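1. Predicted coordinates and the sequence they were generated for:
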Amino acid sequence: MGHATGGDHARCVPDQAVRHRTHSQSRHGQRGFHPVTEPPVGRYAVKAALDLELCSMGMAIPIQVVFDCANPAVVARFWANALGYHLQGPPEPDAEWQAWLAEHGVPEEQWNDASAIIDPDGNGPRIYFQRVPEPKAVKNRLHLDVNAGGPPGTPPSERRARVDQAVETLATAGATLVSASTNEYGEHCVTMLDPEGNEFDVQ
């Protein structure tokens, strides 16, 4: 995924990160580690070479979805519940984040600089939440569709019942209902906002 620095210049970074870096220096976290991290040059070079090889072979490259937000912990928990994802833990499986961050010298005021959630089945993309100072100002140019209605072929009445149940659950978790519509094919779609006002659809 792209990695934004303090100057907002993008570059690619590997999936693994092993060295601490402050939030002002680094904005996109890496798999298995707290986001306030940075990969060593050697590993970066290897990963970049592998990505180029995948591109040349015409193979799909995995993505990470990134949310800018004011409170990563809150937004991450909401989306973990919405998607059936899990909050990602620290590198040591038995460690707790607070203990791990303290041990690695991350100042307490940076502990909520970021969070991440992962698909427990390993199919969906990792979703990363990073704290930014500016509030959300305009409508998203990109949004998530929560496909709660069931697989293709699910009868419209059953799909609608599933969508309505998901909407009720999400509202209880902190989402806000914006609008609902049904198209000429009987497909029911509900637009909602997450706890920080990010638009998404339930369908």
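-> All right, it came through fine. Residues are numbered from 1 along each chain as shown.

2. so after the helix or strand encompassing Glu158, what's the next helix or strand?
-> Using DSSP states H and E, Glu158 sits in helix 156-172. Secondary structure here is assigned by DSSP H and E; on that basis, the next helix or strand after helix 156-172 toward the C-terminus is strand 176-182.

3. Buried residues of whatever helix or strand comes next after that following strand, list them for me.
-> The element immediately downstream of strand 176-182 (helix or strand, assigned by DSSP H and E) is strand 188-193. Taking 16 or more other CB atoms under 10 Å as the basis for neighbour counts, the residues of strand 188-193 that come out buried are 188, 190-193. Backbone N, C-alpha and C define where each C-beta goes, glycine included.

4. hey, where'd the helices end up in this protein?
-> 41-56, 72-83, 97-103, 156-172 (DSSP state H).

5. which regions of the protein sit below the pLDDT cut-off?
-> By pLDDT under 70, the weakly predicted segments of the chain are 1-56.

6. How is it divided into domains?
-> With automatic domain parsing as the criterion, the domains of the chain are listed as 2-131, 144-202.

7. what's the closest of those domains to Ala137?
-> Smallest distance to Ala137 across the domains of the chain (CB to CB): 9.8 Å, for domain 144-202.

8. ok, Thr182 touching His188?
-> Yes - using CB atoms under 8 Å as the test, Thr182 is close enough to His188 to be in contact (4.9 Å).

9. hang on, the earlier thing: can you list the neighbours in contact with the helix holding Glu158?
-> Defining contact as CB atoms under 8 Å, 6 or more residues apart in numbering, one finds that helix 156-172 is touched by 82, 146, 148-150, 154, 175, 177, 180, 182, 186-190, 192, 202-203.

10. List the buried residues in that helix.
-> Neighbour-count burial for helix 156-172, with 16+ other CB under 10 Å as criterion, is recorded at 159-160, 162-164, 166-167, 170.

11. now the nearest residue to His86 once chain neighbours are set aside: how far from Leu87?
-> The spatially closest residue to His86, leaving aside those adjacent along the chain, is Pro120, at 5.1 Å (CB to CB, 6 or more residues apart in numbering). Summarising the geometry, the distance separating Pro120 from Leu87, computed by CB to CB, to the nearest Å, is 11 Å.

12. So which of those two has more stuff around it?
-> Just comparing Pro120 and Leu87: by other CB atoms under 10 Å the higher neighbour count belongs to Leu87, 14 against 10.
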